[in-house]
Structure formats: structure tokens, C-alpha cells
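Asker: Here's my sequence, what's the structure:
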Amino acid sequence: MQTGPKMGKEPFRCGGLPLQRTLLDFWQWSASDLVVNTTRGILAEYIIACALNLQSAARVEWDAFDLLSTSGLKIEVKSAAYLQSWNQQTLSQIKFRIQPTRALSDGTNIYSVERKRQADLYIFCLLHHQDKATINPLDMAQWTFYLLAASVLDEQVPAQKSIALSSLLRLRPVQVTYEGLTDAVDTGLNPRAVEVQIPTYAGRE
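Answerer: Residues are numbered from 1 along each chain as shown. Prediction:
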């Protein structure tokens with residue numbers, strides 16, 4: 001079922017009467033922690049959608065891939081971070097999930113037999129900030145983005161389920177800031193169009 005975007009003013013109801021709580025209240029209650037893994041992953045999708053001007057349609061949870069560009073490019077968005085919501089003794093190691101999947105047909109609600117990477121392009125979103133006192137996932141300066149064609153993953157790591165940042169960088173993805181995302185997507189299927197500089201983040205990966 002395709003759901004249209006909500007406004008946040010929609011009230012909860014009981015017996016046909018509106019309650020003193022709205023959808024915005026639910027959003028604030030359920031999704032205010034932007035650092036926690038589940039919410040950060042959805043936030044990363046939204047950040048990419050905004051950069052590519054694809055945010056007008058509501059997110060579909062069970063799509064085979066995350067975003068469809070205006071040119072028909074199927075995009076998978078993955079996120080990772082050094083900092084988590086829970087107490088940490090050390091920074092998290094950076095790994096991204098890249099496993100081939102079985103697509104769920106929207107028409108039949110049946111999974112495909114073949115396991116494969118459903119997208120044409122992967123965008124890996126790293127929340128690289130390492131100070132818990134100042135971390136803010138809404139600040140685009142705290143993110144780094146890496147673009148890599150799915151065909152490169154299929155060629156180099158065909159059955160691999162996850163990839164560490166160091167291994168990803170060896171595949172020479174296109175590395176950009178938020179401002180460069182739109183232009184980078186145009187060259188994202190040519191993953192060697194831009195040489196990647198190894199980031200100097202202090203944390204382990």
C-alpha cells in the first residue's frame with residue numbers, strides 16, 4: 001500500500017473524537033534519538049532523498065531498494081557511525097551491510113527465488129563525528145558519503161554480507177560531502193571517476 005506523506009497535525013481519535021495528541025507527538029516520542037541505529041538509518045535515507053530532491057514521496061518500508069532517482073537509478077542507502085546511543089568504551093568499528101537479498105514483489109507479496117543486490121548504486125553514509133557532547137546527525141558537516149556501483153560489489157565481493165570501511169575504500173568509491181551528492185550520483189556508476197583520499201578519522205574501523 002502506497003502511503004502519502006503526513007503533515008504531523010493528524011490527531012489520534014477515540015470513538016470518532018480527536019484526542020489531545022497528534023502524529024507529531026508520536027514522531028517526537030519515537031524518533032527523537034537520531035543517533036540510535038534504526039532511526040539513523042532512516043535519517044540517512046532522508047538525507048540522500050533531500051540531496052536528490054526525492055523527498056516528496058513517503059518512504060516505503062518493504063521496497064527492494066531505498067530510492068529511485070528521476071533518471072531511474074535504483075539506490076541503496078547504508079549508514080554507520082563511530083558513536084552510538086549507548087555507553088561505549090571504544091568507538092564502534094565501521095561496517096556496512098551489503099548482502100544480496102530476495103526482492104519482495106509488491107503485486108504478489110512473494111519473495112523472488114534469486115538473491116542479488118537489488119540496486120544499481122550504493123551510497124554509504126558515515127556519521128564520522130566522534131564527540132558525543134557535540135554530535136548532531138542533522139549537521140551535514142558531520143557526515144561523509146561514499147558512492148559505489150553495485151556491479152563493483154558483485155565483481156569484488158559477490159556473496160559478502162558486510163564490508164568494513166577499509167575494505168570499501170580499497171574498492172575506490174566516490175567520496176563526497178553533502179553538497180557534492182547530486183553531481184556525484186551522475187558519476188556514481190563509474191566508481192573510479194574520482195580518486196578517494198583515505199579519511200583521517202581517529203577511530204578504529
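
Asker: residues contacting residue 26?
Answerer: Neighbour list for residue 26: residue 12 [criterion: C-beta atoms under 8 Å, 6 or more residues apart in numbering]. Backbone N, C-alpha and C define where each C-beta goes, glycine included.

Asker: The most centrally placed residue in the chain and residue 122: what is the separation?
Answerer: Among the residues of the chain, the one closest to the centroid is residue 77, at 3.4 Å (C-alpha atoms, centre = their mean). Distance, residue 77 to residue 122, by C-beta to C-beta, to the nearest Å: 8 Å.

Asker: which stretches of this protein aren't confidently modelled?
Answerer: In the predicted model of the chain, residues 1-2, 105-111, 187-205 satisfy pLDDT under 70.

Asker: Correct me if wrong: the residue nearest to the centre of the chain contacts residue 125.
Answerer: Yes - in this structure, residue 77 is within contact of residue 125 by C-beta atoms under 8 Å, at 6.4 Å.

Asker: For those two, list the residues in contact with both.
Answerer: Residues touching both residue 77 and residue 125 (C-beta under 8 Å, 6+ apart) are 44, 48.

Asker: What residues are bridge-paired with the residue nearest to the centre of the chain?
Answerer: Going by DSSP bridges, residue 77 is paired in beta bridges with residue 123.

Asker: Equivalent analysis for residue 176, please.
Answerer: The residues listed as beta-bridge partners of residue 176 by DSSP bridges are residue 145.

Asker: could you point out which element follows the helix ranked longest in the chain?
Answerer: Secondary structure of the chain per DSSP state H: the longest helix is helix 37-51. Next along the chain after helix 37-51, taking DSSP states H and E as the criterion, comes strand 67-68.
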